[in-house]
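Asker: Let me see the structure of the following:
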Amino acid sequence: MKKVLIVAPQAYPPKRGPGGLRALGFSRHLAEFGWEPTVLVLDDRFLGSSCDPSLRDRIPKHVNVVKVFSPEHFLSAAIHQTMQFVRRSNKSGATEASQSASPSEKSTHRNALSMFARRVAKNFFGDDFYPGWMTATVLAGIPIARESDCIYSTSPPFGSHIVAKWISRLTRVPWVADFRDPYAAGAYHLRTKGANDAAGEARAIRRERGVLAAADAVITVTDAMDEIYKSHYPEIPAAKLHVITNGYDEDIELRTIESSLDESPKPGSTKLRIVHAGLIYNVNVLASLCEAINILIREKKATKADFEIELIGNCPSEHHAVFKEQTLSECLVAPGIVPQKEAFRRMCLADALLIEAGATIAHYAIRAKIFEYMLARRPVLGILEEGPMAKLIRDTRIGYCVPASEPKKIAEILERLVVAKKSGTLAELIADAEFAKYNRRLLTQDLSRIFDSIVRK
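Answerer: Below is the predicted model:
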């Protein structure tokens, strides 16, 4: 059996988030196609609030996981713990309101501390280029690569590709670079939040071009990303570029959760439960959703009691403010950050699943959570601009998509969902959904073929 070194320092369980599920899914199925994986990961002691211990159970026993120490993340964790200690010691600030904070508010506080700690480390060491963890990962990867036939790296963070590039250069082992998001081309302005940083952008483009040129094969997750790279870097041979989308992992654990759920309407349960899992990047989506609900209320087609909007994950004060301004606070449920298994259980209990993508990423991105939504088999309400994700929702027939700028159309979809909920016919709305080609096992077979092709060279 051939061997592959997977470089995924911050994109593998127990790191929470859809990015880690991609590398995990590949590692679970590669052995079936003749590849034995070893995964380089960041020591999970430094993951902080982004660690989900329950995800360890999904790592197969045949996958060898090597943990790497990071001086920078050690510093970040130390800053975080110090700030927590100071905050706990500040007795005068422990007001009754703070003591009775909701889980989502406490989650927001923890996230703020983590973000501050990461910002300190980032400002000290640079944007995604921490010399400590990069050096440690290269040193850990070299002996493994010498016993391997191929190297695979996934980003973000982009530093994973730089690490893999050096390991490949020092060992002469062929290398595949997998981009879940663009680093520079067509996307640099997102990291600078629109600020003018010509020097930083030029540096990022040089780094990205260097990775594309050095890698033996390059993978993107959408056709739109593939086109972005072809247009920005025409010197890169088109044959080197491949597209492997994200997907879903239909493992026994998740299927058991899903199959145990009773889809029939419960007596007296007429509330339409709309669930969103993860970060919301475009708060205008919530404003449009609330406006659509109020349209139905004004037209006497629904009442507040007909809706429950559950936002799983960090729910900052600005999200609460949107519901308050629209007098819909009683419709909002914010359980905070929960383990991935619990998040999926809540998705399966939903009547509809909300997903968004602002205009800044809609032209190239497909949010990875859409594939978990597929597995939950609930109608999807996509409030997003035209782009690959809107096309995916239509092509797979898993739900509806409408721009945030059209609350009346959102209201029409909500009315359809409310009627279906009350009549017990929600499942019929997506009865003809077809998404089997996004099964991660099939996508892993595509990845193994790319590995085979560069090894033969």
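
Asker: got the contact list for Arg56?
Answerer: Each residue near Arg56 by C-beta atoms under 8 Å, 6 or more residues apart in numbering is listed here: Pro13, Pro14. For glycine as for every other residue, the C-beta is placed from the backbone atoms N, C-alpha and C.

Asker: Could you tell me the per-residue confidence at it?
Answerer: Looking at Arg56, its pLDDT reads 89.

Asker: repeat for Tyr188
Answerer: For Tyr188, pLDDT reads 69.

Asker: again with the one 4 residues further on
Answerer: Looking at Thr192, its pLDDT is 56.

Asker: So in this protein, where's the weakest helix or strand by average pLDDT?
Answerer: One helix or strand of the chain scores below all others by mean pLDDT, DSSP states H and E: helix 96-99, with a mean of 45.

Asker: okay, and for the stretch 351-457 of the chain, where does confidence drop off?
Answerer: For the stretch 351-457 of the chain, the stretches with pLDDT under 70 are 358-359, 457.

Asker: partner residues bridging Leu272?
Answerer: Note on Leu272: beta-bridge partners by DSSP bridges are Phe307.

Asker: That one reaches Leu354, doesn't it?
Answerer: No - applying C-beta atoms under 8 Å as the test, Leu272 and Leu354 come out as separate, 11.4 Å apart.

Asker: now the helices: where do they sit in the stretch 101-250 of the chain?
Answerer: Remark: helices assigned in the stretch 101-250 of the chain by DSSP state H, counting those that start in this stretch are 103-125, 131-146, 159-171, 188-191, 198-214, 223-232.

Asker: gap between the third one and the chain center?
Answerer: In terms of C-alpha atoms, centre = their mean, to the nearest Å, the centre of helix 159-171 is found 24 Å from the chain centre.

Asker: From the contact counts, what lies against it?
Answerer: Packing contacts for helix 159-171, counted by 3 or more C-beta pairs under 8 Å, 6 or more residues apart in numbering; DSSP states H and E, involve strand 2-7, helix 131-146, strand 150-155, strand 175-179, helix 198-214.

Asker: Adding distance to Gly48, write the ones you listed out as JSON lines.
Answerer: Output for these, formatted as JSON lines (distance: least, C-beta to C-beta, whole Å):
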{"stretch": "strand 2-7", "distance to Gly48": "21"}
{"stretch": "helix 131-146", "distance to Gly48": "15"}
{"stretch": "strand 150-155", "distance to Gly48": "20"}
{"stretch": "strand 175-179", "distance to Gly48": "25"}
{"stretch": "helix 198-214", "distance to Gly48": "26"}
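
Asker: For these, give me JSON lines that also has mean neighbour count, mean pLDDT and distance to Ala23.
Answerer: Converted to JSON lines, the helices and strands packed on helix 159-171 look like this (neighbours: other C-beta atoms under 10 Å; pLDDT from 0 to 100; distance: least, C-beta to C-beta, whole Å):
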{"stretch": "strand 2-7", "mean neighbour count": "26", "mean pLDDT": "98", "distance to Ala23": "6"}
{"stretch": "helix 131-146", "mean neighbour count": "19", "mean pLDDT": "94", "distance to Ala23": "14"}
{"stretch": "strand 150-155", "mean neighbour count": "27", "mean pLDDT": "98", "distance to Ala23": "5"}
{"stretch": "strand 175-179", "mean neighbour count": "26", "mean pLDDT": "98", "distance to Ala23": "8"}
{"stretch": "helix 198-214", "mean neighbour count": "16", "mean pLDDT": "91", "distance to Ala23": "17"}
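
Asker: Of these, which is nearest Asp446?
Answerer: Closest to Asp446 of those is strand 175-179 (C-beta to C-beta; 11.7 Å).

Asker: Residues touching that closest one, excluding its own?
Answerer: Strand 175-179 has contacts (C-beta under 8 Å, 6+ apart) with 22, 150-155, 161, 164-165, 167-168, 211-212, 214-221, 225, 229, 244, 447, 450-451, 454.
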